[in-house]
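Q: Sequence first, then the predicted structure:
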Amino acid sequence: MSKKPFRKRQTGFTLIELMISVAIIGIISAVAYPSYQGYMKSASRSAAQADLMSLAAAMERHKAASYSYKAAANLGTDTGKPAIYAQHSPSAEPYSSRRYDLYISQSSGNTYLIEAKPVTGTLTASDGKVALYSDGRRAWDINNDGSIGASEYCWNC
């Protein structure tokens, strides 16, 4: 009886198996990445909304101290970047990481409009501004055309 020579069994992946794995990872990435970007935009917009609410509270404190919403912006002006609160959002992060710039767009003795405008060159640049009015109305320029339409008076449209 003759013995067959012992053959070493080869293990590992074939080129086809590797190509199929890479293709599957590519398909999953192509689906997941846009969803991830949408999530990041939504999270940044939520941070801007929270910062607008904090700026509104600062505006109320300013009115309680001075009996007017006027002069709450830089250099004591009525409009522009706020002097009474952080000038960017997310306010908890450094200015270099900002995604929105905060503005006091209108200010009179009894009313104001504050806005969070997306920073050019960031993920949120095409997201549209978020606004908060002194009477409590909230708006989001969903179509990013620069104006607030009648259907855009909500933050989660």
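A: Yes, it's here.

Q: contacts and neighbour counts: CA atoms only from here.
A: Fine.

Q: For residue 112, give the beta-bridge partners.
A: Residues in a beta bridge with residue 112, per DSSP bridges, are residue 107.

Q: any idea how far it lies from residue 142?
A: Here residue 112 is placed at a distance of 21 Å from residue 142 (Cα to Cα, to the nearest Å).

Q: do residue 135 as well
A: In terms of Cα to Cα, residue 135 sits 21 Å off from residue 142.

Q: neighbour-wise, which of those two wins?
A: Higher neighbour count among residue 135 and residue 142: residue 142, with 22 against 10, using other Cα atoms under 10 Å.

Q: Quick one: end-to-end length of stretch 71-90, please.
A: 23 Å.

Q: tell me which residues in that stretch are buried?
A: Neighbour-count burial for stretch 71-90, with 16 or more other Cα atoms under 10 Å as criterion, is recorded at 71-73, 78-90.

Q: where does the protein have low pLDDT?
A: 1-6 (pLDDT under 70).

Q: Could you tell me how many residues sit around residue 106?
A: 17.

Q: wait, isn't it in contact with residue 115?
A: No. Assessed by Cα atoms under 8 Å, residue 106 is found out of contact with residue 115, at 9.4 Å.

Q: Spit out the contact partners of residue 112.
A: By Cα atoms under 8 Å, 6 or more residues apart in numbering, the residues touching residue 112 are 69, 104-106, 133-134.

Q: Can you turn the buried part of these into a ChimeraX selection?
A: ChimeraX command restricting the contacts of residue 112 to the buried ones, with burial defined by 16+ other Cα under 10 Å:
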select :69,104,105,106,133,134
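
Q: roughly how far apart are the spatially most central residue of the chain and residue 147?
A: Note on the chain: the residue nearest the mean C-alpha position is residue 44, at 2.2 Å, using Cα atoms, centre = their mean. According to Cα to Cα, residue 44 and residue 147 sit 20 Å apart.

Q: just the strands in this structure please.
A: With DSSP state E as the criterion, the chain has strands at 88-89, 100-107, 112-118, 130-133, 138-140.

Q: okay, the ones you listed in a markdown table with distance to residue 59 next?
A: Output for these, formatted as a markdown table (distance: least, Cα to Cα, whole Å):
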| stretch | distance to residue 59 |
| --- | --- |
| strand 88-89 | 16 |
| strand 100-107 | 10 |
| strand 112-118 | 9 |
| strand 130-133 | 11 |
| strand 138-140 | 16 |
